[in-house]
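Visitor: Let me see the structure of the following:
(one chain, ligands or ions: 1)
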Amino acid sequence: MAEDPKAENRHLAEEVPAAKASNALAARSRLRVLPVAAWGPVADSFARPLQDLRISVTDRCNFRCVYCMPRDVFGPGFEFLPKSKILSFEEIRRLVTVFVELGVRKVRITGGEPLLRRDIPVLVRLLSKTAGVEDLTMTTNGSLLGRHAQALADAGLRRVTVSLDALDDQIFRAMSDVQVPVTTVLEGIRQAEVSGLAPVKINMVVKRGMNDDQILPMAEHFRGSGHILRFIEFMDVGNSNGWRMDDVVPASEIRDRIHQRWALEPVDPNYVGEVARRYRYADGAGEVGIITSVTHPFCSTCNRARLTADGEFFTCLFSAKGHDLRTILRSGASDREVAERVRMIWTGRADRYSEIRSEATVTLPRVEMSRIGG
Ligand code: SAM
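Guide: Numbering: from 1, shown residues only. The predicted structure follows:
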């Protein structure tokens with residue numbers, strides 16, 4: 001029986017209005033037709049998903065920590081980013097929307113010192129209202145936290161990490177290389193707690209011969225406080241901190257020193273990709289973490305992307321160069337086009353610096369921590 005030619009073409013006829021409608025919609029929402037792959041969770045060449053985004057909102061800091069922004073490099077003549085290059089809050093929000101579409105669920109605001117960025121609660125509010133952002137946090141040196149904690153909490157920040165390398169005031173000032181008393185940071189932590197940003201995570205970078213005698217006093221101070229102290233192995237980030245393996249106090253030594261004083265028991269990670277090895281005090285006084293980037297790298301589960309204040313996208317803390325997103329963002333490109341660029345970069349990602357660290361890699365150029373954000 002001969003087929004009805006009209007019937008054969010009926011599905012085409014039906015598709016035309018729908019296609020027209022969808023084209024009109026796409027035009028209206030600036031979504032141009034791009035490979036479908038641009039939208040949706042992405043994984044890199046080692047199947048590592050993109051889930052965690054750290055955003056540096058400024059490359060400036062009011063501290064000059066010797067392991068991060070040594071004063072002889074970051075002195076009065078140092079050229080920080082000009083305002084014109086720094087992403088606006090709206091540009092950051094837009095990028096976060098794109099990253100969320102690609103799988104990001106956790107966002108951390110960092111720097112430089114994020115509390116130096118004017119009106120930072122405005123950004124917190126924007127991001128806390130961004131659909132898909134399930135965990136919004138900030139890392140700060142705590143010096144301005146006393147003043148800002150309540151506004152940050154009111155704007156929707158849920159948690160905060162405070163860097164604190166010593167309780168002893170002299171050692172604290174020697175590490176931070178500024179004349180801010182340690183009591184200011186402790187007050188910042190207290191205000192964070194009062195404002196509901198608890199439990200606070202406290203980051204202590206341990207550098208041998210400088211503050212390793214503070215491991216036990218810090219552990220004692222935060223035991224039973226409800227806050228979580230995390231020791232960080234001194235890392236070879238950037239090229240200006242004079243890193244030497246001899247200055248690293250290995251995680252095993254940190255753990256043993258604490259364990260000899262207060263018995264510790266290992267705790268399972270909260271989730272895949274958690275960087276801190278967790279231990280709880282056997283007497284129930286809470287837990288500590290140790291971040292073992294040097295002695296036990298965690299590249300294989302690294303799901304972190306980093307964005308600098310001027311919109312460079314880094315896929316590794318130890319990279320030399322990032323990928324410029326600011327230009328495409330300011331070029332009139334659609335969100336899908338920006339997403340496609342991010343997707344291409346992440347799918348091509350193969351870095352695993354900490355796993356291949358050696359005498360040779362230590363001399364390679366690397367981005368500074370204050371620029372990429374911790
Ligand atoms: N200004 C904020 C602060 O002090 O927390 C945020 C930026 S800071 C770069 C982020 C984190 O990186 C801090 O906890 C800091 O101690 C850590 N950090 C910086 N340089 C480091 C290094 N060489 N090794 C290990 N941690 C480092």
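
Visitor: For the ligand, see how far away residue 59 is.
Guide: The gap separating residue 59 from the ligand is 10 Å, by Cβ to the nearest ligand atom, to the nearest Å. From N, CA and C alone the C-beta is placed, and that goes for glycine too.

Visitor: which residues of the stretch 251-374 of the chain fall in strands?
Guide: Ranges of strands in the stretch 251-374 of the chain, per DSSP state E, counting those that start in this stretch, are 264-267, 276-281, 287-291, 304-307, 312-314, 323-324.

Visitor: Quick one: residues in contact with the second one.
Guide: It stands for strand 276-281. 223, 230, 251, 255, 258-259, 262-270, 286-292, 296 (Cβ atoms under 8 Å, 6 or more residues apart in numbering).

Visitor: anything in stretch 290-298 near the ligand?
Guide: No - figure legend: stretch 290-298 not in contact with the ligand (Cβ under 6 Å from any ligand atom); closest approach 7.4 Å.

Visitor: Which among the contacts of strand 276-281 count as buried?
Guide: If you count burial by 16 or more other Cβ atoms under 10 Å, the buried members of the contacts of strand 276-281 come out as 223, 230, 251, 255, 258, 262, 264, 286-292.

Visitor: Grab the two from the residues you listed that are most spread out in space.
Guide: The distance between the two most remote of these (Cβ to Cβ) is 21.1 Å, for 223 and 292.

Visitor: show me the contacts for the nearest residue to residue 276 once chain neighbours are set aside.
Guide: What sits nearest to residue 276 in space, not counting adjacent residues and going by Cβ to Cβ, 6 or more residues apart in numbering, is residue 289, at 3.1 Å. Residue 289 makes contact with 201, 228-231, 276-279 under the criterion Cβ under 8 Å, 6+ apart.

Visitor: try residue 231
Guide: Contact partners of residue 231, counting by Cβ under 8 Å, 6+ apart, are 204, 206, 215, 251, 254, 288-291.

Visitor: Pipe those residues into a markdown table and attach pLDDT per row.
Guide: What follows is the contacts of residue 231, written out as a markdown table (pLDDT from 0 to 100):
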| residue | pLDDT |
| --- | --- |
| 204 | 98 |
| 206 | 98 |
| 215 | 98 |
| 251 | 97 |
| 254 | 98 |
| 288 | 98 |
| 289 | 97 |
| 290 | 98 |
| 291 | 96 |
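
Visitor: Tell me the one among those nearest to residue 321.
Guide: The closest of those to residue 321 turns out to be residue 291 (Cβ to Cβ; 24.7 Å).

Visitor: if we can go back for a sec, okay, the residue nearest to residue 276 and residue 79: tell me how far apart.
Guide: According to Cβ to Cβ, to the nearest Å, residue 289 and residue 79 sit 36 Å apart.

Visitor: Equivalent analysis for residue 62, please.
Guide: Distance, residue 62 to residue 79, by Cβ to Cβ: 17 Å.

Visitor: do the same with residue 368
Guide: From residue 368 across to residue 79, the span is 13 Å (Cβ to Cβ).

Visitor: Verify the stated contact: residue 298 with residue 272.
Guide: No - Residue 298 lies out of contact with residue 272 (Cβ atoms under 8 Å); the separation is 10.3 Å.

Visitor: the more surrounded of the two?
Guide: Comparing residue 298 with residue 272 by other Cβ atoms under 10 Å, the one with more neighbours is residue 298, at 18 against 9.

Visitor: how close does the more buried one get to residue 233?
Guide: Taking Cβ to Cβ as the measure, residue 298 falls 12 Å from residue 233.

Visitor: Residue 260 too?
Guide: Counting by Cβ to Cβ, the gap from residue 260 to residue 233 is 19 Å.

Visitor: Which of those two has more residues huddled nearby?
Guide: Comparing residue 260 with residue 233 by other Cβ under 10 Å, the one with more neighbours is residue 233, at 21 against 10.

Visitor: which element is the residue nearest the centre of the chain on?
Guide: The centroid of the chain falls nearest to residue 54 when counting by Cα atoms, centre = their mean (2.9 Å). Taking DSSP states H and E as the definition, one finds residue 54 inside strand 52-56.

Visitor: Direction included, what does that strand pair up with?
Guide: strand 106-110 (parallel), strand 304-307 (parallel) (DSSP bridges).

Visitor: near the ligand, anything from the longest one?
Guide: Think strand 106-110. Yes - counting by Cβ under 6 Å from any ligand atom, the ligand has neighbours in strand 106-110: residue 110.

Visitor: can you tell me the distance between the two ends of stretch 132-141?
Guide: End-to-end distance of stretch 132-141 (Cα to Cα, to the nearest Å): 27 Å.

Visitor: How about the contacts made by the closest residue to residue 200 other than its chain neighbours?
Guide: Leaving aside its chain neighbours, residue 200 sits nearest to residue 227 (4.6 Å; criterion: Cβ to Cβ, 6+ apart). Residue 227 sits next to 189, 193, 198-202, 286 when contact means Cβ under 8 Å, 6+ apart.

Visitor: Now that we're looking at whichever residue of the chain sits closest to the ligand, what pLDDT does it have?
Guide: Per Cβ to the nearest ligand atom, residue 374 is where the chain lies closest to the ligand, at 2.2 Å. For residue 374, the model assigns a pLDDT of 76.

Visitor: can you check residue 25 too?
Guide: Looking at residue 25, its pLDDT is 40.

Visitor: number of nearby residues for the spatially closest residue to residue 140 that is not a sequence neighbour?
Guide: The shortest distance from residue 140 to any non-neighbouring residue, by Cβ to Cβ, 6+ apart, is to residue 115 (5.4 Å). The local packing of residue 115 (other Cβ under 10 Å) involves 26 other residues.

Visitor: now do residue 47
Guide: The tally of other residues near residue 47 (other Cβ under 10 Å) stands at 7.

Visitor: Dihedrals phi and psi, it?
Guide: Here is the backbone geometry of residue 47 (degrees, to the nearest 10): phi 70, psi 20.

Visitor: Brilliant, that's me finished.
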